[in-house]
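Colleague: Please find the sequence and the predicted model below.
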Amino acid sequence: MNPKSGRWLRRIVPVLYALSLGALPLAAVAGAAAAAPVPGSGGGSLPIYNPKLEHQWFYGQRLQGTGLTPAQAAQGYAQALRQAQGMTRSALSPQGLAPAGIPAATNTWQNLGPAPVTGTQDWSGSQPASGRVSSIALSGSTLYVGTAGGGVWSSANNGASWTPLTDGQPSLAMGAVAVDPNNSQVIYAGTGEAHESGDSFYGEGLLKSTDGGASWSVYGATYFAGSYIAAVVVNPLNSSDVYVAGNMGLYESTDAGSTWAKLGNWGSYWVTALVINPTNGYLYAAVMGNGIMESTDGGSTWTLLDNGVFSGLSFGNTALSIDAANPQILVASVAGTGAGGAVYETTDGGTNWTNLHAPAYFTGSYFYGSGGNQGWYDNTVAVDPANPSIIFAGGIGVAMTNNDGSSWSCVNCPNGLMPFHPDQHAMLFDSTGDLYVGNDGGIWEITAAGELSDLNTNLSTLQFYPGLSQEGN
C-alpha cells in the first residue's frame with residue numbers, strides 16, 4: 001500500500017475481514033452494520049482526526065440498529081464461538097466447516113495464507129512483509145509476537161519459523177503479549193489493539209495460557225471485552241500481581257487474573273504504556289492528558305513525574321521503556337502538541353527528566369520527505385540494557401542515538417542505514433543488545449553488531465484493505 005494514502009484509509013475505512021465460524025450466530029449484527037457516514041467528513045472530504053468520533057463510527061459500522069454495546073457484542077461473539085466449537089463434525093460437514101477443538105476425521109487443513117508479501121514493499125528493501133505487529137515478548141530463547149489481526153505467534157528459532165497459538169480464540173486482534181518472568185509456561189495476551197486506527201479492532205478480554213500457549217482461557221471479560229489493551233505487565237516479584245492498561249484505564253489482579261480492581265483516578269483517560277521496576281515493583285504509567293505517573297505502593301497511590309521539562313507539552317500517545325539492567329533509567333517517547341518527536345530520559349527513577357532533542361521521527365517528512373505527524377498511531381521506544389546510551393525511538397521512521405541523545409540518525413529511512421518497513425509499534429531489546437522491531441510490515445531484528453534480519457518468514461498475518469488490483473501481463 002502507498003504509505004501516504006494508506007494512513008487515511010486506516011482512519012476512515014473499515015477493513016474487510018472474513019467472518020469466522022464463531023461469528024455466524026451474530027450474522028444479524030454484521031448484516032445490520034449498514035454504511036454510516038464518516039464523522040466530520042464534510043460531505044466526503046477528509047475528516048479532521050478525532051479519536052472519539054472515530055471509535056463511534058467504528059462501532060456504528062458494526063453494531064448499527066442492534067442496540068448492543070461493543071462489550072455486549074464481544075461477549076456474544078465469544079459465546080457463539082464456544083457454541084460453534086462444541087458442535088459435532090457431522091452437523092458441520094454439509095457446510096464444510098471444521099472449528100478448532102473438533103478432531104479431524106478425513107479432512108486435512110492446509111495453511112493457504114496470507115503469507116508474507118515479497119518483492120513489492122519498496123520501502124522495506126523488497127524484503128518479505130507481513131501484517132502489523134503490535135507487541136513483542138521474549139522468554140528465554142522463545143520469541144512471541146502479538147499481531148493486529150492474526151493473533152499470537154511464537155518462534156523457538158529466532159524467527160526462522162513461527163507457530164500460531166491463538167487461532168481458536170474469540171479474538172485475533174492483539175494489543176499486548178507478556179510472559180510471566182517466573183514461569184515461562186504462563187503467557188498473557190491482551191486482546192484489542194490500542195493503536196487508534198480505523199482497523200484497530202476491540203478485543204474480547206485477556207487471554208491466559210498456563211501451558212506455553214497450547215491452550216487458553218479468557219479472563220476479565222467483564223472489564224476488558226470491547227476494549228483496547230495497550231500493556232500487560234506481570235510483577236516479577238510476585239507473579240500473582242498482573243496489570244492491564246488500555247483505553248479503559250489501568251486494572252490490577254492480585255490473583256493471577258481471576259479478579260480485577262481499577263487503579264488510578266484519571267477518569268476516562270487512556271493509559272497508553274506501563275512498565276515496572278523489576279527490583280522494587282514501582283510502576284510507571286503514561287496517562288493521556290495527564291503525563292507520566294509513578295506508584296511506589298503497587299498502584300494504590302500515584303505521583304505525577306514532572307520537573308518542569310514537560311511544561312507546555314500535551315500528553316497524547318506516550319511510550320515508555322525501562323532499563324532492565326539499571327531500572328533507574330527510563331525513557332519516554334511523547335506524542336502530543338508540539339512533539340513531532342520528543343524523547344525524554346530520567347536516570348534517577350523519574351525525579352528529573354531531560355529532553356534528548358530527537359528528530360521528528362513521528363512525521364512523514366522525516367521518513368520520506370513529506371507528510372504530517374502520526375504519533376497518535378506510531379510510537380515506541382527502547383533503551384539498550386547492555387548500553388543505555390543507545391536508544392531507539394520509533395514513529396513512522398526509526399531514530400537512533402548511541403551517545404545518549406547528543407546526535408541522532410535515521411535507521412530505516414529510504415536512504416538510511418537499514419531499509420525496513422515504516423510505522424513502528426513495538427521494540428524490545430534482549431539482554432545482549434539485539435533489538436526486535438514490530439511495525440506495519442511485521443517483525444525485524446537489528447543485532448548489536450548492526451546487522452538487519454527480516455523475521456517474517458511464515459507469519460500469516462497480512463491485513464487487507466479495500467481497493468482494486470490489476471493483474472499484469
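Modeller: Looks like it came in fine.

Colleague: got a list of what Asp180 touches?
Modeller: By C-beta atoms under 8 Å, 6 or more residues apart in numbering, the contact set of Asp180 is Val186, Ile187, Tyr188, Val234, Ser239. From N, CA and C alone the C-beta is placed, and that goes for glycine too.

Colleague: For the last one, what is the enclosing helix or strand?
Modeller: If I follow you right, that is Ser239. Assessed by DSSP states H and E, Ser239 sits outside every helix and strand.

Colleague: and it, how many neighbours does it have?
Modeller: By other C-beta atoms under 10 Å, 14 other residues sit near Ser239.

Colleague: next one: the one 5 residues further on
Modeller: The local packing of Val244 (other C-beta under 10 Å) involves 31 other residues.

Colleague: Mind pulling up the pLDDT for it?
Modeller: On pLDDT, Val244 comes in at 98.

Colleague: ok but it is inside a helix, no?
Modeller: No - under DSSP: H, G, I helix; E, B strand; the rest coil, Val244 sits outside any helix and is assigned strand.

Colleague: Name the nearest residue to Gly405, ignoring sequence neighbours.
Modeller: Spatially, and ignoring its direct neighbours in sequence, Gly405 is nearest to Leu356 (3.0 Å; C-beta to C-beta, 6 or more residues apart in numbering).

Colleague: you'd agree the one you found is up against Thr401?
Modeller: Yes - shown here, Leu356 and Thr401 form a contact pair, counting by C-beta atoms under 8 Å, at 6.9 Å.

Colleague: if I look at those two, which residues touch both of them?
Modeller: Joint contacts of Leu356 and Thr401 (C-beta under 8 Å, 6+ apart) are Ile391.

Colleague: give me the low-pLDDT residue ranges for the stretch 251-400 of the chain?
Modeller: 337-341 (pLDDT under 70).

Colleague: what are the ranges of the helices in it?
Modeller: Along the stretch 251-400 of the chain, the segments classed as helices by DSSP state H, counting those that start in this stretch run 364-368.

Colleague: could I have stretch 307-326 exported to CSV, CA atoms only?
Modeller: Provided in CSV are the C-alpha atoms of stretch 307-326 (Å, rounded to 0.1, in the frame of the first residue of the first chain):
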residue,chain,number,x,y,z
ASN,A,307,10.4,18.5,37.0
GLY,A,308,9.2,21.2,34.6
VAL,A,309,10.7,19.8,31.4
PHE,A,310,7.2,18.8,30.2
SER,A,311,5.8,22.3,30.5
GLY,A,312,3.6,23.2,27.5
LEU,A,313,3.6,19.6,26.2
SER,A,314,0.2,17.9,25.9
PHE,A,315,0.4,14.2,26.6
GLY,A,316,-1.2,12.1,23.9
ASN,A,317,0.0,8.7,22.9
THR,A,318,3.2,8.0,25.0
ALA,A,319,5.5,5.1,25.0
LEU,A,320,7.8,4.0,27.9
SER,A,321,10.9,1.9,28.2
ILE,A,322,12.8,0.9,31.4
ASP,A,323,16.4,-0.3,31.5
ALA,A,324,16.1,-3.8,32.9
ALA,A,325,19.8,-3.7,34.0
ASN,A,326,19.5,-0.3,35.6
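
Colleague: Okay, buried residues for it please.
Modeller: For stretch 307-326, burial by neighbour count (16 or more other C-beta atoms under 10 Å) applies to Phe310, Leu313, Phe315, Gly316, Asn317, Thr318, Ala319, Leu320, Ser321, Ile322, Asp323, Ala324.

Colleague: picking up where we left off before, can you pull the phi/psi pair for the residue nearest to Gly405?
Modeller: Main-chain torsions, Leu356, degrees, to the nearest 10: phi -90, psi 10.

Colleague: again, but for Ser134
Modeller: phi -100, psi -20.

Colleague: Any idea how many residues pack against it?
Modeller: Counted with other C-beta under 10 Å, Ser134 comes out at 28.

Colleague: And the pLDDT at it?
Modeller: Looking at Ser134, its pLDDT stands at 97.

Colleague: now the one 10 residues further on
Modeller: In the predicted model, Tyr144 carries a pLDDT score of 98.

Colleague: ditto for the one 4 residues further on
Modeller: The score at Ala148 is 95. That number is its pLDDT.

Colleague: what residue ranges in the stretch 51-200 of the chain score low on pLDDT?
Modeller: Residue ranges of the stretch 51-200 of the chain with pLDDT under 70: 51-59, 61-62, 64, 70-71, 74-75, 77, 82, 84-109, 119-125.

Colleague: My read is that Ser460 contacts Pro128, right?
Modeller: No - using C-beta under 8 Å, Ser460 is not in contact with Pro128; the gap is 11.7 Å.

Colleague: Next up, the contacts around the residue nearest to Gly405.
Modeller: Counted by C-beta under 8 Å, 6+ apart, Leu356 has contacts Val343, Tyr344, Glu345, Ile391, Thr401, Asp404, Gly405.

Colleague: just those residues now: which is nearest Pro422?
Modeller: Taking C-beta to C-beta as the measure, Val343 is the one of the contacts of Leu356 closest to Pro422, at 18.1 Å.

Colleague: For the closest one, the count of nearby residues, please.
Modeller: So Val343, with other C-beta under 10 Å, has 27 neighbours.

Colleague: For it, which residues count as its bridge partners?
Modeller: On the basis of DSSP bridges, Val343 is bridged to Ser333.
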